[in-house]
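Chemist: The sequence and its predicted three-dimensional model are supplied below.
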Amino acid sequence: MKSLTKVIPLVVTLLACAFLFVPIVLSVLAGVTVNYFQGLSSGLTLKWVGQVWELYSRSIFLSIWLALACLVVTLVLGVPAAYALARNPGRSSRILEEFISLPLAIPGLAIALALLQLYGTYHGFRTHWSFILVGHVLYTLPFMVRSVLSVLAAIDLKTLEEGAASLGAGPAQRFVDVVVPNAMPGILAGALTVVTLSIGEFNLTWMLHTPLMKTLPVGLADSYASMRLEVASAYTLVFFLMIVPLLMAMQWASARAQRIMQ
C-alpha cells in the first residue's frame, strides 16, 4: 500500500505533464517546419520566426514594457497596502482586503467594460498604453497584496518594529530596513505572479487594446486567426522563449531570498 501511495501520485503527475507538454512540443515543431501539413519531412526553417518578429515585434516590446510597468506600480501600491493591513489587523482590514481582492471575482471583460465606460471618452488616454496598464494593475494588485500580507502575517511584525524604534529608527526607516527585507519572499512571489499574469493576460487586454496597441496574447490570437498555422506556431515559440527564462530567473530569485531569510 505504501508503494502504491508513492507510485500513483507520480503517475498522475507524469500524465499531467505529458498532457501539457505534448501539445507545446507539437506547436513549437509546427513553427520551425517548412510546411506543417507535410511535417518534419518538409525540413526545418526559422523563416516563420523571422516573420513573427517582423510583424509582431511591437507587440512583444509592448508586453514587456507593460509587465515591467505593472510590476513597478503594484510594488509601489501593494507592499505599503499589505503592510498597513498587517499592521492594523481587524474587521476593517479584512473588509479592505476583500475589496482589494474584488477584481479576482469579476470577469476581466466586465472590468474592461467598466474602464471603457469610465474613461473611453478620454481619447488621449484611451489610445495610450497606460490605459491597458490600469486594467493590468487592477487585475494583478490583489496577488501582490496577498503574497506580501501572507509573509508579514507569519512574522512578529510588532516586536520587530518596536525593536527598531527603540534603536531610533523612524517609521520610514523601519519600513525600508525592517519590513521590506522580511517581506522579500512574498514580494518576489508576488512579482513573479504579477509579471506572469500581465504578460499572459488576454480577456481584459482584448477589450482595451487598439489596433496599434496589441500585446503578446492579443497578437497571438490575431496570428492564429489571420496567418498561416506555421506563423502562429512560431509566435507561440517566441512567447515561450520570452516567458520561460523570465519565470526561471524570478523563481530562482524567490528561492534564494527564502534561503537567505531562513
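Modeler: That came through, no problem.
Chemist: What ranges in the stretch 1-150 of the chain fall below the confidence cut-off?
Modeler: Flagging of the stretch 1-150 of the chain using pLDDT under 70 yields the residue ranges 1-6, 39.
Chemist: Show me where it has its helices.
Modeler: With DSSP state H, counting those that start in this stretch as the definition, the stretch 1-150 of the chain shows helices at residue ranges 2-31, 47-87, 91-100, 102-105, 108-119, 123-126, 129-153.
Chemist: buried residues in the last one?
Modeler: Meaning helix 129-153. 129, 131-152 (16 or more other Cβ atoms under 10 Å). Every residue, glycine included, has its C-beta placed from N, CA and C.
Chemist: pLDDT wise, what is Met261 at?
Modeler: In the prediction, the pLDDT value recorded for Met261 is 56.
Chemist: so which of the helices of the stretch 1-150 of the chain is the most packed in?
Modeler: By mean neighbour count, with neighbours taken as mean count of other Cβ atoms under 10 Å, helix 129-153 ranks first of the helices of the stretch 1-150 of the chain at a mean of 22.
Chemist: quick check: angle from it to helix 91-100?
Modeler: Helix 129-153 and helix 91-100 meet at an angle of 140 degrees, taking axes from the mean of the first three to the mean of the last three Cα atoms, to 10 degrees as the criterion.
Chemist: and helix 129-153, what other elements does it pack with?
Modeler: On a contact count with 3 or more Cβ pairs under 8 Å, 6 or more residues apart in numbering; DSSP states H and E, helix 129-153 meets helix 47-87, helix 91-100, helix 102-105, helix 108-119, helix 184-200, helix 203-208.
Chemist: All good on my end, thank you.
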